[in-house]
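In: Predicted model and sequence below, questions to follow.
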Amino acid sequence: MLKKRRLQPSSFTRLRLAVVQQRPRLAIALGDPAGIGPEVILKALAHGSLDCGVTIFGHRSLLTDCYQQLIDQGAQDCIDPERLMIVDVGESISAHWGQPTVETGAASFCYAKTAIERTLAGEFDAVVTGPIAKSVWKQAGHHYAGQTELLAECARVERFGMMFVARSPHTQWQLRALLATTHIPLAEVPRQLTPGLLSLKLDLLLNCLKDNFGLTAPRIAIAGLNPHSGEQGQLGREEIDWIIPWLEEMRSQHPQITLDGPIPPDTMWVKPGQAWYGPGIDAPHDAYLALYHDQGLIPVKLMAFDRAVNTTIGLPFVRTSPDHGTAFDIAGQGIADATSMRAAIELAIELTAHRQN
């Protein structure tokens, strides 16, 4: 009688299983220590359901002081820094809640830059950045439009984008919105928008939807620039002159995807709003491409202010950040909402898992 031989997995299969089963390694930059970054990080990590390895880049003394103050205020939803892996970056500093200084600006820059460099070196799979104040960075001599530009510079990429992701607590539908232009004056938007720029952003979006979300044939909505998408040239000619011809060219180049537009900006967000709040209502698109900052972020923040996540696409690693600022006005009061930071960590885990698979 022949004995059945147990098949052993090949070395490739064993390697694949090891990668799939690896817990994501997250580097979290503390943000400006005078803001709510330390508080929301301690609160976001207080629940044990996050299946990842976390290392915080900042100063242990700052987190310890924050933790003690939260406990004194009666907080019960924060983790003891003694349980965390923390890398002290640079010399210790003193910080006072709500009082940003050149010192806190320099520190928050170093926290972010060190976390990015260690991730590029292969020590981590994703970077989660705490909130910083761009004006304080500039006071400290670091002239960047934001953390996105620092990330791109460190990673040596010229093609990158700012996308916002949020999952509805009402319906579990996931909103994805990419900005074609970001932190520029409104008067500059028509001058900087070009077919080449939109092609770059669309390419980044398609790669992101495939690699990070598993969507190979996505449906994408593209906003018009002018009210009513120009009203056939009566309210602006950009749509007629080049946006519509560009869209027709993109449809011919990407027959596998659905490109709808240019959709009037005031109506593009109606269906997403219904899908966000109304169970059983399906949004017709997997992602939304807004042409400028407020066109995309007013609706995103209206729907998901406390849980939207800023993610930089086009990088060789995952980067997420809570979609809020330093909130210096409430820092140290123990009332900061950690939902967006928690969502940023959860999304970093989700996107890393997609990439690993």
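Out: Done, it's in.

In: From here on, just use CA atoms for contacts and neighbour counts.
Out: OK.

In: which SSE is A115 in?
Out: helix 102-120 (DSSP states H and E).

In: what about that helix, distance to the chain center?
Out: The gap between where helix 102-120 is centred and where its chain is centred comes out at 17 Å by Cα atoms, centre = their mean, to the nearest Å.

In: Following element in sequence after it, please.
Out: Criterion used, DSSP H and E; the element after helix 102-120 is strand 126-129.

In: mind giving me the domain ranges of the protein?
Out: Following automatic domain parsing, the chain resolves into domains at 22-157+315-357, 160-314.

In: from these, which stretch is densest packed?
Out: Scoring those by mean neighbour count under mean count of other Cα atoms under 10 Å gives domain 22-157+315-357 as the most buried, with a mean of 19.

In: Now do that one: distance from first to last residue.
Out: Chord length of domain 22-157+315-357, first to last residue, is 10 Å (Cα to Cα, to the nearest Å).

In: can you tell me how far L247 sits from L259?
Out: 8 Å.

In: which strands and helices sit next to the helix holding A115?
Out: Here helix 102-120 touches strand 25-29, strand 53-58, strand 126-129, helix 134-139, helix 147-155, going by 3 or more Cα pairs under 8 Å, 6 or more residues apart in numbering; DSSP states H and E.

In: Just the angle for it relative to strand 25-29, thanks.
Out: 160 degrees (axes from the mean of the first three to the mean of the last three Cα atoms, to 10 degrees).

In: what residues does helix 102-120 touch?
Out: With Cα atoms under 8 Å, 6 or more residues apart in numbering as the test, helix 102-120 has contacts from 27-34, 57-58, 89-90, 93, 95, 124-127, 129, 132-133, 136-142, 147, 150-151, 154-155, 316-317.

In: same check, this time on stretch 159-177
Out: 148, 152, 178-180, 182, 200-201, 204, 272, 275-280, 286-290, 296, 300, 304, 307-315, 343.

In: Could I get the average pLDDT for it?
Out: Averaging pLDDT along stretch 159-177 gives 95.

In: That stretch: end-to-end distance?
Out: Stretch 159-177 end-to-end distance (Cα to Cα) = 17 Å.

In: What mean pLDDT does the helix holding A115 get?
Out: For helix 102-120, the per-residue pLDDT averages 98.

In: circling back: mind listing which of the contacts of stretch 159-177 are in strands?
Out: L178, L179, A287, Y288, L289, A290, V309, N310, T311, T312, I313 (DSSP state E).

In: Including distance to E39, could those go into a markdown table?
Out: Listed next are those as a markdown table, based on distance: Cα to Cα, whole Å:
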| residue | distance to E39 |
| --- | --- |
| L178 | 28 |
| L179 | 29 |
| A287 | 32 |
| Y288 | 32 |
| L289 | 33 |
| A290 | 32 |
| V309 | 17 |
| N310 | 19 |
| T311 | 21 |
| T312 | 23 |
| I313 | 27 |
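
In: which one of these is nearest G233?
Out: Among the ones in strands among the contacts of stretch 159-177, A290 lies closest to G233 (Cα to Cα), at 19.8 Å.

In: which residues does the closest one contact?
Out: Neighbours of A290 in contact, by Cα under 8 Å, 6+ apart: A177, L178, L179, A180, I222, A223, G296.

In: Specify the beta-bridge partners of it.
Out: When assigned by DSSP bridges, A290 has beta-bridge partners L179.

In: distance of it from A177?
Out: 7 Å.

In: same check, this time on C52
Out: With Cα to Cα as the criterion, C52 and A177 are 26 Å apart.

In: just checking, H324 touches P131?
Out: Yes - taking contacts as Cα atoms under 8 Å, H324 lies within contact range of P131: 6.8 Å.

In: Let me see the contact set for E248.
Out: Under the criterion of Cα under 8 Å, 6+ apart, E248 has no neighbours.

In: Quick check: D260 is in a strand.
Out: Yes - with DSSP: H, G, I helix; E, B strand; the rest coil as the criterion, D260 is located in a strand.

In: what helix or strand does the closest residue to it other than its chain neighbours sit in?
Out: Leaving aside its sequence neighbours, D260 sits nearest to A221 (Cα to Cα, 6 or more residues apart in numbering; 4.9 Å). A221 belongs to strand 219-223 when assigned by DSSP H and E.

In: So which residues make contact with that strand?
Out: Taking Cα under 8 Å, 6+ apart as the rule, strand 219-223 contacts 229, 257-265, 268, 284-291.

In: Parallel or antiparallel, list what pairs with it.
Out: Here, using DSSP bridges, strand 219-223 pairs with strand 258-263 (parallel), strand 287-290 (parallel).

In: Let me know the next secondary structure element after it.
Out: Criterion used, DSSP H and E; the element after strand 219-223 is helix 238.

In: State the next helix or strand along the chain beyond that following helix.
Out: helix 244-253.

In: ok but R319 is inside a strand, no?
Out: Yes - according to three-state DSSP, R319 belongs to a strand.

In: Let me know the pLDDT of it.
Out: pLDDT, R319: 97.

In: OK, contacts around it?
Out: Here R319 is in contact with A126, V127, V128, T129, T311, T312, I313, A348 (criterion: Cα under 8 Å, 6+ apart).

In: L209 now?
Out: Contacts of L209 by Cα under 8 Å, 6+ apart are L215, T216, P218.
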